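Chemist: Sequence first, then the predicted structure, then my questions.
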Amino acid sequence: MPTPLEPPKIEENDLLARYPFLPQAKEWLNVLSIEENITLKMLIEDPFMEPARKRGRLRLIEMITHSKGVDMDSPFDIYTRSGQLMEAYSYLFAKLIICSAADEILVSRWAQAEAELAEKRLSVEGEKLEIIARTYLDKISHEKNELYRSKIWDGKGIRIFGLKRGVWKIGLVDFIELCPNISGSRWRLANHEIEQGWITLTDEENYCSDAQLSRLLREKIKVEIQRDVREQIEKLGEEQIPGLETYVKMVTETLGDFKKRELELSMVDQEDWPPCMHKAITELARGVNVNHTGRFFLASMASKLALPQKDAIAFFHNAPDFSESVTSYQIGQIYEMDYTPTSCEKMKLGSNCAVEFGDDSLCDKEWLKNPVQYVAVKQGWKGKKMDNKKEN
Ligand code: SF4
């Protein structure tokens with residue numbers, strides 16, 4: 001994606017503290033550490049830095065448990081130098097732990113949680129949203145609407161932030177590259193106004209243009225954080241940062257508990273499930289953002305197999321954007337409507353099918369049109385084997 005070569009200069013330190021992953025924050029943090037005499041050792045063990053470590057730990061725990069996302073409001077006064085220092089260093093402290101743990105699932109969840117926090121903040125950033133957007137996007141324009149300037153709230157908790165301030169347009173290339181991992185029809189190209197290479201992010205009643213732009217920026221921010229952390233992990237190699245062992249143990253153990261829960265779930269009799277169902281479950285468990293087709297398929301399949309709703313919800317626990325209330329509601333709806341799971345044809349089109357020709361003889365059958373048939377046939381075969389045994 002054509003990211004601007006020279007990001008715009010950001011003078012406001014409170015902004016850099018709120019978004020410490022910005023490329024412009026690097027220089028500010030270097031100067032800050034020299035002026036305040038903050039060393040790595042000090043960050044890890046000096047009592048003065050405890051507030052930063054405490055918030056850093058919170059960032060990490062919530063990243064794994066995904067309870068309610070990292071609190072958007074910093075506990076520090078972000079307009080003071082010390083508040084900015086603590087907020088920015090809480091991010092750096094958490095990043096150090098992720099780098100030391102060097103676990104790909106942690107990297108992915110950490111980047112996701114930080115990008116989500118950034119999205120929430122950006123959607124209410126107001127005038128400053130533009131300078132951050134210009135850091136990541138080349139082609140962007142804003143048409144102000146002075147009449148509206150209110151915070152919008154969505155009762156269902158789906159989209160709860162955003163300032164209605166006008167309409168954003170972004171370049172078609174940026175839009176196409178940022179959208180594939182975002183589920184929902186809103187993010188399909190066909191549902192947007194396109195004009196001479198520009199896409200309009202329409203200012204909707206419940207999803208304002210600022211919030212939509214922030215959602216797109218979240219994708220870019222996540223990729224950048226992941227790239228940065230992976231680079232650091234590579235630089236570290238086998239080396240360990242002294243003093244971080246307890247923290248690394250804390251996050252890996254918490255993550256381990258979550259993985260164990262997934263494993264228990266996967267012990268449910270699965271041998272009759274189609275490969276595409278295994279694929280969706282595995283990807284979600286790894287924190288991969290499964291697209292809308294895959295998610296609908298998995299929920300409708302769980303309903304057809306009469307799995308308890310709580311088990312269906314548990315499939316999504318590790319999804320990067322998991323929300324207990326939203327998932328429970330959506331799964332409840334799918335169970336109630338008793339939808340037919342997505343056809344094999346649509347699964348293939350949406351890149352949700354798990355096999356190539358020759359991988360699974362049942363999937364190769366021309367008459368196999370829906371993954372539900374896969375289960376039915378497998379169970380039929382089992383039934384026949386049982387009958388044969390009885391006859392023998
Ligand atoms: S062919 Fe159908 S049943 Fe088999 S993996 Fe693909 S979508 Fe699933």
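Modeler: The structure has been received and is ready for your questions.

Chemist: And Pro2, what's its pLDDT?
Modeler: According to the prediction, Pro2 has pLDDT 54.

Chemist: For the stretch 201-350 of the chain, what lies in contact range of the ligand?
Modeler: Pro274, Pro275, Cys276, Cys344, Met347 (C-beta under 6 Å from any ligand atom). The C-beta positions use only the backbone N, C-alpha and C, and glycine is treated the same way.

Chemist: So stretch 362-381, near the ligand or not?
Modeler: Yes: Stretch 362-381 comes into contact with the ligand (C-beta under 6 Å from any ligand atom), by way of Cys363, Pro371, Tyr374.

Chemist: residue ranges with poor pLDDT in the stretch 251-392 of the chain?
Modeler: Counting by pLDDT under 70, the stretch 251-392 of the chain shows low-confidence ranges at 257-269, 380-392.

Chemist: Hmm, Met277 is touching Met301, no?
Modeler: Yes: counting by C-beta atoms under 8 Å, Met301 is a contact partner of Met277 at 5.6 Å.

Chemist: can you list residues touching both of the two?
Modeler: Residues touching both Met277 and Met301 (C-beta atoms under 8 Å, 6 or more residues apart in numbering) are Pro371.

Chemist: The two: who's more crowded?
Modeler: Met301 (28 against 24; other C-beta atoms under 10 Å).

Chemist: In space, what's closest to that one - neighbours in sequence excluded?
Modeler: Spatial nearest neighbour of Met301, excluding adjacent residues (C-beta to C-beta, 6 or more residues apart in numbering): Pro341 at 4.6 Å.

Chemist: Verify the contact between that neighbour and Arg295 for me.
Modeler: No: applying C-beta under 8 Å as the test, Pro341 and Arg295 come out as separate, 11.6 Å apart.

Chemist: Neighbour count for those two, which is higher?
Modeler: Taking other C-beta under 10 Å, Pro341 and Arg295 do not tie; Pro341 has more neighbours (26 against 22).

Chemist: which residues touch the residue in the stretch 151-300 of the chain positioned nearest to the ligand?
Modeler: Of all residues in the stretch 151-300 of the chain, Cys276 sits closest to the ligand, at 3.2 Å by C-beta to the nearest ligand atom. By C-beta under 8 Å, 6+ apart, the contact set of Cys276 is Phe297, Met347, Asn352, Cys353, Ala354, Val355, Pro371.

Chemist: Pro51 too?
Modeler: Pro51 neighbours (C-beta under 8 Å, 6+ apart): Pro75, Phe76, Met86, Ser90.
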